[in-house]
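K.L.:
please find the sequence and the predicted model below.
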Amino acid sequence: MPSPRRNAEGRPLAACAPSSSGSPAHGGGGGRFEFQSLLSSRAPGADPTCARLRASESPVHRRGSFPLAGAGSSPALPSPLPEEDRMDLNPSFLGIALRSLLAIDLWLSKKLGVCAGESSSWGSVRPLMKLLEISGHGIPWLLGTLYCLSRSDSWAGREVLMNLLFSLLLDLLLVALIKGLVRRRRPAHNQMDMFFTLSVDKYSFPSGHATRAALVSRFILNHLVLAIPLRVLVVLWAFILGLSRVMLGRHNVTDVAFGFFLGYMQYSIVDYCWLSPHNAPVLFVLWNQP
Ligand SMILES: CC(C)=CCC/C(C)=C/COP(=O)(O)O
């Protein structure tokens with residue numbers, strides 16, 4: 001029985017077999033590596049015919065830039081590839097890392113989506129998770145802040161509440177902007193049965209509940225004098241609210257992780273632009289009109 005043909009490193013040249021998944025340049029990470037090793041098989045002793053056959057399946061070659069210089073002449077001496085093609089076929093480290101991260105994200109989000117439906121493994125906890133969802137929704141936070149503003153009788157209280165209102169509006173604006181730009185679809189297992197959504201809320205990146213949870217909890221911890229157990233409770237609420245977004249199947253893990261990051265950074269913006277009767281007197285005077 002003939003032994004398999006081997007490349008310069010002595011590894012079998014299995015890639016000479018016809019590819020069933022089409023072009024390796026499009027066929028996922030494994031295909032890309034295979035293609036790369038074929039290109040590097042131009043070392044002395046490698047099988048150049050195989051490398052050329054494989055390259056001719058590639059869409060890069062189909063673009064017309066891969067020279068079949070050996071065609072019609074000796075197949076033993078393949079011509080070097082143009083630099084441009086070598087770069088096209090070389091998968092970047094960042095690309096591989098991002099694809100891997102996305103694959104892990106999707107896999108983990110599906111695993112954690114245990115309350116995504118009534119029939120899911122934790123389906124009985126779904127009503128509780130939906131209650132938690134309302135606790136982080138924009139409407140109760142906006143209405144609650146406006147109500148407290150109308151009842152506040154101290155300048156200091158009004159200043160804090162005015163800035164909370166500004167934070168909530170800034171958050172809605174930034175999240176809507178990023179959702180509209182990124183347009184990442186919500187997970188396939190999500191049931192779109194959320195209370196009062198905007199049109200951009202069909203997209204999932206970033207999680208608006210996670211940004212609000214991080215923003216509001218940082219705001220509260222910095223502007224309310226609370227006992228330690230209450231401070232812990234605020235942080236726990238934010239964390240569990242974020243986790244519940246994935247458990248309900250509303251979001252992937254990266255939507256929530258980025259949401260937490262964005263909300264945290266938004267507070268820094270609010271703190272930097274802190275509104276006061278000194279830098280925004282009009283706002284405060286208007287609010288005090290009878
Ligand atoms: C209409 C208002 C004022 C807020 C919308 C709140 C909302 C539905 C956000 C979506 O959150 P997720 O991105 O976490 O699903």
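P.N.:
Arrived safely.
K.L.:
the ligand contacts on the stretch 101-250 of the chain?
P.N.:
137-139, 142, 172, 194, 196-198, 201, 207-209, 245, 250 (CB under 6 Å from any ligand atom). Where you see a C-beta, it was placed from the backbone N, CA and C, and this is true even at glycine.
K.L.:
please redo it, this time with the cut-off set to 5 Å
P.N.:
Selection of the stretch 101-250 of the chain residues close to the ligand by CB under 5 Å from any ligand atom yields 138, 197, 201, 207-209.
K.L.:
dump those to TSV, plus secondary structure and neighbour count.
P.N.:
Output for those, formatted as TSV (DSSP: H, G, I helix; E, B strand; the rest coil; neighbours: other CB atoms under 10 Å):
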residue	secondary structure	neighbour count
138	helix	19
197	coil	13
201	helix	17
207	coil	30
208	helix	29
209	helix	29
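K.L.:
in CSV, list those residues along with pLDDT.
P.N.:
Listed next are those as CSV, based on pLDDT from 0 to 100:
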residue, pLDDT
138, 97
197, 92
201, 95
207, 98
208, 98
209, 98
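K.L.:
which other helices and strands does the longest helix anywhere in the chain contact?
P.N.:
Ranked by number of residues, the top helix in the chain under DSSP state H is helix 155-182. Packed against helix 155-182 by the contact rule (3 or more CB pairs under 8 Å, 6 or more residues apart in numbering; DSSP states H and E) you find helix 138-151, helix 208-223, helix 253-272, helix 281-287.
K.L.:
hey, which of the ones you listed is tucked in deepest?
P.N.:
helix 208-223 (a mean of 23; mean count of other CB atoms under 10 Å).
K.L.:
buried stuff in the helix or strand that comes right after that one?
P.N.:
Downstream of helix 208-223, the first helix or strand assigned by DSSP states H and E is helix 228-247. Buried residues in helix 228-247, counting neighbours by 16 or more other CB atoms under 10 Å, are found at 234, 237-239, 241-247.
K.L.:
closest one of those residues to residue 118?
P.N.:
residue 247 (13.6 Å; CB to CB).
K.L.:
where does the stretch 151-290 of the chain have low pLDDT?
P.N.:
The model of the stretch 151-290 of the chain has pLDDT under 70 over residues 287-290.
K.L.:
ok, the residue of the stretch 1-150 of the chain found nearest the ligand to residue 144 distance?
P.N.:
Relative to the ligand, the nearest point of the stretch 1-150 of the chain is residue 138 (2.9 Å; CB to the nearest ligand atom). Residue 138 sits 11 Å away from residue 144, going by CB to CB, to the nearest Å.
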